[in-house]
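Novice: How does the following fold in three dimensions:
(one chain, ligands or ions: 2)
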Amino acid sequence: MTHCDSSGGDYPGTIVARPELGPADAALVTEAELAQERARPLFSGFAVGAAVRTESGTEPYLGWNVEDPSLVRVLHAEQAAIYAAVHRENAAARVLDIAIWGTGDVPPCGACRQTIVDSNPEARVLFPYRGGILITSAADLLPLSFRITPSSP
Ligand code: THU
Ligand code: ZN
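Specialist: Ligands and ions are numbered 1, 2, ... in the order given. Below you'll find the predicted structure:
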C-alpha cells in the first residue's frame, strides 16, 4: 500500500493532476463528471457522479445520487453505477475501475467502499482529492472489509 505524499494526504494511493491522467482514466473521469449533472441532491445539495468500467469492456455504467422528498431513498452515485452494471450484465459483473466526481474532495463513503470491494477488491478507484485525482484501490480504501469465508467443519 502506498500513501499519497503530496499535501499530506492520508488516503492510500497516488494523487495525479487531471491533465496527467491516461486517456482511459481521463475518459472515465469525464463520464463521472457528466453523470454528476444528473444528480438530484434535493436536501444536501451535494451532487455526486460515478462511472464504472467492468471486465465486459462495454460502455461505462453511470450513476448519480438521488435524495427523495420522503428521504426514504438516498441512492449513492457509486452504488447506482454498480447496480446498473449488475442489472445490465449479471450479479458477477466485476468492476475494474470506478471514477467518482463531485465538488471538492469526494472519497466514497464506507458503504460504497464495501459495495466496490464486494465486486472486486482490486478495483481501481479514482476520486477528486486535494485539487487532483486520487488513484487507489478498493482494498486499500477498505482494509479488513467484510467478506464471507466458508466456515470450517
Ligand atoms: N453520496 C454519494 O453519492 N456517495 C458517497 O459515497 C458519499 C455520499 C451522496 C449521498 C447524499 O445524497 C450526498 O452525497 C450527501 O451525503
Ligand atoms: Zn456511498
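Novice: Residue 102 against residue 45, yeah?
Specialist: No: if you go by CB atoms under 8 Å, residue 102 and residue 45 don't touch, sitting 11.0 Å apart. The way it works is simple: take the backbone N, C-alpha and C, and place the C-beta from them, glycine included.
Novice: Neighbour count for these two, which is higher?
Specialist: A direct count of neighbours by other CB atoms under 10 Å for residue 102 and residue 45 places residue 102 higher, at 22 against 9.
Novice: and the residue lying closest to the more buried one once chain neighbours are set aside, how many neighbours?
Specialist: Once flanking residues are discounted, residue 102 sits nearest to residue 48: 4.5 Å by CB to CB, 6 or more residues apart in numbering. The number of residues packed around residue 48, counting by other CB under 10 Å, is 27.
Novice: All further residue positions should be reported with the first residue as 58.
Specialist: Happy to do that; since the first residue is 58 now, the last one works out to residue 105.
Novice: Provide a list of residues in contact with residue 105.
Specialist: Contact analysis of residue 105 by CB atoms under 8 Å, 6 or more residues apart in numbering lists 93, 96, 98, 121, 122, 133, 134, 135, 157, 158, 159, 163.
Novice: so what's the first one up against?
Specialist: By that I understand residue 93. Here residue 93 is in contact with 104, 105, 106, 121, 134, 158, 159 (CB under 8 Å, 6+ apart).
Novice: for it, phi and psi?
Specialist: According to degrees, to the nearest 10, the main-chain angles of residue 93 amount to phi -60, psi -30.
Novice: So for it, what's the pLDDT?
Specialist: In this prediction, residue 93 carries a pLDDT score of 98.
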